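Visitor: build me a model from this:
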Amino acid sequence: MSQPQPTTPSARGPNVDAADAKRIAFAAFVGTALEWYDYFLFGMAAALVFNRLFFTDLDPSAGLMAALATFGVGFAARPIGALIFGYIGDRYGRRPALLATIVMIGCATGLIGVLPDYLAIGIAAPILLAVLRLLQGLAVGGEWGGAITIAIEHAPERQRARYAALVQIGSPVGTLISSAAFAAVLVLPAAEFDAWGWRLPFLAAFPLLGIALYIRFKVEESPVFQELLEMEDRAKVPALALFREAGGRLLVAVAAALLGVGGFYMMTTFVVSYASTVLEVDRQAVVNATLVAAVFQIFTTLIAGRVAERFGPGRMTVIGAVTTGLAAFPLFRLIDTGEPWAITIAVTIGICLITLAYAVTGTLLADLFPARLRYSGVSLGYNLAGTLSGFLPLIATALLVVDDGASWPAVLVLIGICAITALGGVAGERIRAVDVRAAENSPKTKA
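Guide: The predicted model follows:
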């Protein structure tokens with residue numbers, strides 16, 4: 001239970017129950033897992049399918065670049081989604097915003113499964129694909145921040161990191177399910193896979209959406225938001241208040257979140273593309289490597305969340321960033337061997353090291369912002385990092401021409417991300433609030 005603060009009523013956290021906290025965190029996890037399943041599925045398809053079926057008139061390299069650019073469009077839309085759903089979440093409630101995001105991304109993903117390809121409708125195919133990816137990005141822009149916010153605001157103060165980590169498991173579970181779905185359809189003959197097999201994982205979004213909605217409808221509104229309603233302490237335009245009152249904290253949030261998002265896509269989307277096209281490794285073997293990594297990521301997330309309760313999320317962020325940066329070149333040396341076992345080991349270790357930072361991103365970002373701006377602050381900080389990250393596979397792929405396909409320029413990109421996140425972790429640990437429920441008049445929540 002949170003410790004009472006001897007200041008104003010808005011600085012006191014409401015009573016919370018561990019059983020309720022677990023139930024809310026589980027519901028947030030289920031919805032987030034579906035969101036990431038839908039979102040990661042597009043990344044797999046961009047590397048393996050869309051370059052051939054939706055950008056047919058381009059040569060293979062240009063088609064891959066175009067597919068990865070479409071993949072990046074979703075990331076560009078995420079800050080806009082953060083603003084839209086942050087407004088809803090901070091003004092009208094965390095719960096309605098989270099229901100809207102899950103419906104939007106589930107429908108957009110399912111519709112990709114019925115979208116005709118380039119040979120059927122010509123240039124309209126890649127345009128419609130980009131539009132649906134845009135809708136995915138808008139929804140994810142509001143989903144993750146809302147799920148983290150509602151989970152933490154229901155959690156006992158001293159156990160926030162572990163409940164936030166439960167939500168973070170949605171990422172590896174989403175990866176696991178999407179990778180497994182693609183691994184299953186990749187066993188089909190090439191002609192059947194191209195004709196209809198690749199569509200099945202996308203169509204599965206419809207029944208999964210029904211399950212997630214059923215669970216999420218049972219989630220109560222955040223007690224912290226209910227307290228804000230009683231006090232009439234809500235910003236009229238949360239985004240404007242965020243930039244005015246906590247602009248510096250927003251920059252720290254972007255830096256701290258960068259590795260968890262960008263590093264992940266470097267070790268998954270980029271590695272899948274690089275290994276299957278440049279190294280000519282069997283694509284099934286590379287997808288299997290992401291499956292193994294996702295399993296280990298689940299356990300790493302849980303452990304890191306517990307450790308962060310003792311050492312602080314900022315310090316865990318620094319540890320994840322430094323260790324990933326030191327391991328970057330050795331890991332890509334393993335990948336460059338072209339051996340499936342070596343790629344699997346490299347991707348698994350890389351993802352686990354990145355997860356040391358990613359597991360605590362939600363806790364650290366939530367600690368940076370006051371309750372009245374938290375949904376907007378967490379969502380926008382994370383998704384601005386996501387916007388930068390979405391184009392990293394494209395940038396890394398383009399840099400391969402520097403040394404005739406050698407991976408070292410891409411490794412430097414990853415190390416650069418690590419350096420930025422390490423600085424964000426140091427700054428975040430120094431300025432984060434003592435109590436996540438503290439209102440903006442607490443001296444610790446000034447920008």
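
Visitor: neighbours of D404, just the number please.
Guide: 7 (other CB atoms under 10 Å). Yep, even glycine has a C-beta here, placed from its N, CA and C like the rest.

Visitor: how about T300?
Guide: With other CB under 10 Å as criterion, T300 counts 23.

Visitor: which phi and psi does it have?
Guide: When read as degrees, to the nearest 10, the backbone of T300 gives phi -60, psi -40.

Visitor: cool, E220 as well?
Guide: Note on E220: backbone dihedrals following degrees, to the nearest 10 are phi -80, psi 160.

Visitor: was I right about it contacting R95?
Guide: Yes: look at E220 against R95 with CB atoms under 8 Å: they come within range, at 7.4 Å.

Visitor: out of those two, which sits in the more crowded spot?
Guide: Taking neighbours as other CB under 10 Å, E220 and R95 compare with R95 leading, 19 against 14.

Visitor: which stretch of helix or strand covers the more buried one?
Guide: Taking DSSP states H and E as the criterion, R95 maps to helix 94-112.

Visitor: buried sites along that helix?
Guide: The neighbour-count check on helix 94-112 (16 or more other CB atoms under 10 Å) flags 94-95, 97-102, 104-112 as buried.

Visitor: which elements pack onto that helix?
Guide: In terms of contacts (3 or more CB pairs under 8 Å, 6 or more residues apart in numbering; DSSP states H and E), helix 94-112 is packed against helix 18-45, helix 60-91, helix 124-153, helix 199-203, helix 205-216.

Visitor: tell me which of the ones you listed sits most buried.
Guide: Highest mean neighbour count among the helices and strands packed on helix 94-112 (mean count of other CB atoms under 10 Å): helix 124-153, with a mean of 26.

Visitor: let's test this: mean pLDDT of the helix or strand following it, rounded?
Guide: Later in the chain than helix 124-153, the nearest helix or strand by DSSP H and E is helix 160-168. For helix 160-168, the mean pLDDT works out to 87.

Visitor: residues in contact with helix 160-168?
Guide: 21-22, 25-26, 28-29, 32, 144, 147-148, 151-152, 154-155, 301-302, 304-306, 308-309, 313, 358-363, 366, 436 (CB atoms under 8 Å, 6 or more residues apart in numbering).

Visitor: where along the stretch 301-447 of the chain do the strands fall?
Guide: Assigned strands in the stretch 301-447 of the chain: none (criterion: DSSP state E, counting those that start in this stretch).

Visitor: low-confidence bits of it, can you list those?
Guide: Applying pLDDT under 70 to the stretch 301-447 of the chain flags the ranges 434-447.

Visitor: what are the buried residues along stretch 290-304?
Guide: Across stretch 290-304, burial judged by 16+ other CB under 10 Å covers T290, L291, V292, A293, A294, F296, Q297, I298, T300, T301, L302, A304.

Visitor: now for these, which pair is the farthest apart?
Guide: Longest distance between any two of those is 20.6 Å, between L291 and A304; criterion CB to CB.

Visitor: quick check, central residue of this protein?
Guide: V261 (5.7 Å; CA atoms, centre = their mean).

Visitor: picking up where we left off before, same question for the helix holding R95, mean pLDDT?
Guide: 92.

Visitor: mind exporting the C-alpha coordinates of the following helix or strand past that helix to PDB?
Guide: Using DSSP H and E, the helix or strand that directly follows helix 94-112 along the chain is helix 118-121. Only the C-alpha atoms of helix 118-121 are listed here, as PDB (Å, rounded to 0.1, in the frame of the first residue of the first chain):
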ATOM      1  CA  TYR A 118      -0.300  -5.200 -56.300                       C
ATOM      2  CA  LEU A 119      -1.100  -7.600 -59.100                       C
ATOM      3  CA  ALA A 120      -4.800  -7.400 -58.200                       C
ATOM      4  CA  ILE A 121      -5.400  -3.600 -57.700                       C
END
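
Visitor: any idea how far the closest residue to A69 other than its chain neighbours is from G141?
Guide: Leaving out its chain neighbours, the residue that sits closest to A69 by CB to CB, 6 or more residues apart in numbering is L394, at 5.8 Å. In this view, L394 and G141 are 19 Å apart by CB to CB, to the nearest Å.

Visitor: any idea how far A433 is from A304?
Guide: 21 Å.

Visitor: again with A76
Guide: Taken as CB to CB, the span from A76 to A304 is 29 Å.

Visitor: ditto for A125
Guide: Counting by CB to CB, the gap from A125 to A304 is 41 Å.

Visitor: with Y92 instead?
Guide: 33 Å.

Visitor: check E35 too.
Guide: Counting by CB to CB, the gap from E35 to A304 is 21 Å.

Visitor: my guess is L423 meets L251, correct?
Guide: No: L423 lies out of contact with L251 (CB under 8 Å); the separation is 10.3 Å.

Visitor: test my guess that V318 contacts G425.
Guide: Yes: using CB under 8 Å, V318 is in contact with G425, at 4.0 Å.

Visitor: contacts for stretch 78-92, please.
Guide: Contacts for stretch 78-92 (CB under 8 Å, 6+ apart): 96-98, 100-101, 137-143, 145-146, 149, 234-239, 372-377, 379-380, 382-384, 386-387, 390.

Visitor: so how far is that stretch from its chain's centroid?
Guide: 16 Å (CA atoms, centre = their mean, to the nearest Å).

Visitor: neighbours of G390, how many?
Guide: By the criterion of other CB under 10 Å, G390 has 26 neighbours.

Visitor: ah, wrong one, I meant V187
Guide: Neighbours of V187 (other CB under 10 Å): 9.

Visitor: and if you look at V401?
Guide: Neighbour tally, V401, other CB under 10 Å: 11.

Visitor: which ones are touching it?
Guide: Contacts of V401 (CB under 8 Å, 6+ apart): none.

Visitor: C-alpha coordinates for stretch 410-426, PDB please?
Guide: The C-alpha trace of stretch 410-426 is given here as PDB (Å, rounded to 0.1, in the frame of the first residue of the first chain):
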ATOM      1  CA  ALA A 410      24.600  -1.000 -38.500                       C
ATOM      2  CA  VAL A 411      26.400  -1.900 -35.300                       C
ATOM      3  CA  LEU A 412      27.500   1.700 -34.800                       C
ATOM      4  CA  VAL A 413      23.800   2.700 -35.000                       C
ATOM      5  CA  LEU A 414      23.000   0.300 -32.200                       C
ATOM      6  CA  ILE A 415      25.800   1.600 -30.100                       C
ATOM      7  CA  GLY A 416      24.700   5.200 -30.600                       C
ATOM      8  CA  ILE A 417      21.200   4.200 -29.300                       C
ATOM      9  CA  CYS A 418      22.800   2.700 -26.200                       C
ATOM     10  CA  ALA A 419      24.700   5.900 -25.500                       C
ATOM     11  CA  ILE A 420      21.600   8.000 -25.700                       C
ATOM     12  CA  THR A 421      19.600   5.700 -23.400                       C
ATOM     13  CA  ALA A 422      22.400   5.500 -20.900                       C
ATOM     14  CA  LEU A 423      22.300   9.300 -20.500                       C
ATOM     15  CA  GLY A 424      18.500   9.100 -20.300                       C
ATOM     16  CA  GLY A 425      18.700   6.500 -17.500                       C
ATOM     17  CA  VAL A 426      21.200   8.600 -15.500                       C
END
